[in-house]
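Engineer: Structure of the sequence below:
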Amino acid sequence: METLVQFTLNGRPVSLTDDDDRPLLWVLRTDFALTGPKYGCGEGICGACAVIINGEAQRSCRTPLKAVAGATVTTIEGLAGEGGGLHPLQQAFIDHDAFQCGYCTPGMIIDAQGLLLENPHPSRAAIVERMDHNLCRCGAHRRIVDAVEAVATKGSAS
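Structural biologist: Predicted coordinates for the structure are as follows:
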């Protein structure tokens, strides 16, 4: 059903009239030209499409547009905020060479941010457990965990 949906996207109020069951991933990519969230599996398993919705990392491929009405949505493009500099997680991924092809990187960073919003100082075991829910075909998981752990140790992921 076509409905007017209003929400905050990367700090800006937005609205559109569309099929309210349309996956948020496609709304972000096609209507707002935000290509950070990637299509991976389409089933919420791989994590490539992760976004933060009201402070919690969620899979945008499985989130209907109507679920974000009135919500705050942050994509990888909006993670750093207004200053334009890199977010601490983005910088840590660079510092630790925590990516190869880069396809999974936006979802990995967003999911890591979701973890750090829940628990600013997770143990390495908690980081491993959380990041295991994201697929990286390049095999960079150890470096990804190292990057998240570096930010968690500093406590600077806000």
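
Engineer: Not counting residues beside it along the chain, what's closest to the most centrally placed residue in the chain?
Structural biologist: Centroid-nearest residue in the chain: Ile110, 2.8 Å away (criterion: Cα atoms, centre = their mean). Of all residues not flanking Ile110 in the chain, Ala50 sits nearest, at 4.1 Å (Cβ to Cβ, 6 or more residues apart in numbering). For every residue, glycine as well, the C-beta is placed using N, CA and C.

Engineer: still on that earlier bit, just checking, the residue nearest to the centre of the chain is part of a helix?
Structural biologist: Yes - according to DSSP: H, G, I helix; E, B strand; the rest coil, Ile110 belongs to a helix.

Engineer: where in this structure is pLDDT low?
Structural biologist: 81, 156-158 (pLDDT under 70).

Engineer: Helices of that one, start to end?
Structural biologist: Using DSSP state H, the helices of the chain run over residues 24-26, 88-95, 105-118, 124-131, 141-154.

Engineer: how's this protein carved up into domains?
Structural biologist: Domain assignment for the chain, taken from automatic domain parsing, gives 2-75, 88-154.

Engineer: so what's Leu28 closest to, chain neighbours aside?
Structural biologist: Leu28's closest residue in space is Leu34 (Cβ to Cβ, 6+ apart), at 4.6 Å.

Engineer: got the phi/psi numbers for the one you found?
Structural biologist: Main-chain torsions, Leu34, degrees, to the nearest 10: phi -100, psi 100.

Engineer: Any idea which of the helices of the chain gets closest to Val73?
Structural biologist: Val73 lies closest to helix 24-26 among the helices of the chain, at 7.4 Å (Cβ to Cβ).

Engineer: Give me the helices and strands touching that closest one, please.
Structural biologist: Under the contact definition 3 or more Cβ pairs under 8 Å, 6 or more residues apart in numbering; DSSP states H and E, helix 24-26 sits against no other helix or strand.
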